[in-house]
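Colleague: I would like to see how this sequence folds:
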Amino acid sequence: MAEQGDTLCGAPEERSPGVTLSDGLMVTRIRPTGLLPTSTIRLDRENISSIGKLRRLAEIHSLYLQQNQIEKIENLDSFPNLRFLCLAGNRIQRVQNLQALPHLSALDLSHNQIRVLDTEELPRSLQILDLTGNECSRQVGYRDLVVAALPRLLQLDSQPIHGNTAEEEAGGGSSSSNEEELLPELRTPFTVDRDFFVDLHRELAGRARRRRRKTLEEHRERLQELSERRALLLGPERERLQELSERRERLQELSERRERLQELSERREWLQELSERRALLLGPERERLQELGSQRAPGGIQLPANALEKETRAKGAAIPNIP
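Modeller: Next up, the predicted model:
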């Protein structure tokens, strides 16, 4: 006999008068956690005392109703494709109304109040069955009776079954591999409370944050390394480019200075030429003015200086002014 802790869904708990499982209750109590597939419904520890008539839910493969106050198995035909059913820790006294589940592969009825087991009520598709904690599991010949009634059974009360039809059809393969292939939901821990999934979600979120942080740090270190390598490769070239740029600027400045000096030189030559031409034009006239100034008019009258200046200006008016 398996121990209480080895059952699929755990031991019973004492509860106050409960409620009926209905579509409204499922809508208000079920909240997606992101940790279970959409084909799974968990309503454990919801103080449910009976299962009402529900709408058809063909997409549901796993149903968890452990640790409630359910007294009768009923109205499960709303889950025609159900493969896993957990009713552990309830107040069920009789196995019934399971023939409407032709695909049921795993059934947990541990820690209920079943005294007499009617194997005709068990679906022949069962591969895993747990009746631990019920009075019927302590009766003489119980195990042989169940094994004979369920040809595909692989595990009974957490104990493997050898020599059954399912094992022979698989060519003697291990029961654990068949369970994982047909019932992937069984790899989920059933004996934990809902707080486990909250903690698990937090742990997974924390790990994801740590992985992102570590990846970001590695990325920054890689960028820093690439920057340092680039600086090492481009350092001498950058200095050479800087030197060429400075030389270009100096050459540009020298070129501008040369052009300015050339312009000044041409202007000086032009001024020199103008000065020479003026000297050539005004030389004889200046001598004549000096000669006239040194003489006096007859009768002791001296020529007026302003008259001489007017005459000189009239003759030299064509000569441009030198700036």
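Colleague: pLDDT value on the nearest residue to Asn75 once chain neighbours are set aside, please?
Modeller: Once flanking residues are discounted, Asn75 sits nearest to Ile51: 4.8 Å by CB to CB, 6 or more residues apart in numbering. (C-beta placed from N, C-alpha, C; glycine too.) Model confidence at Ile51, given as pLDDT, is 91.
Colleague: same check, this time on the one 5 residues further on
Modeller: Looking at Arg56, its pLDDT is 88.
Colleague: can you start the count at 148 instead of 1 from here on
Modeller: Sure, I'll start numbering at 148, so the last one becomes Arg203.
Colleague: hang on, it in a helix?
Modeller: No. With DSSP: H, G, I helix; E, B strand; the rest coil as the criterion, Arg203 is located in coil rather than a helix.
Colleague: roughly how far apart are the closest residue in space to Leu278 that isn't next to it in sequence and Ile261?
Modeller: Distance criterion CB to CB, 6+ apart; nearest residue to Leu278, sequence neighbours excluded, is Ser284 at 4.6 Å. Going from Ser284 to Ile261 by CB to CB, to the nearest Å gives 8 Å.
Colleague: what is the neighbour count of the nearest residue to Glu218 once chain neighbours are set aside?
Modeller: With sequence-adjacent residues excluded and distances taken as CB to CB, 6+ apart, Glu218 is closest to Arg238, at 4.7 Å. For Arg238, the neighbour count with other CB atoms under 10 Å is 15.
Colleague: next: Gln216.
Modeller: 20.
Colleague: so it is in which element?
Modeller: Gln216 is located outside every helix and strand, with elements delineated by DSSP states H and E.
Colleague: test my guess that it contacts Ile198.
Modeller: No. Here Gln216 does not reach Ile198: they are 11.3 Å apart, not a contact under CB atoms under 8 Å.
Colleague: which other helices and strands contact the helix or strand hosting Glu413?
Modeller: Using DSSP H and E, Glu413 sits in helix 341-441. Where contact means 3 or more CB pairs under 8 Å, 6 or more residues apart in numbering; DSSP states H and E, helix 341-441 is packed against helix 452-462.
Colleague: re earlier: any idea how many residues pack against the residue nearest to Asn222?
Modeller: 22.
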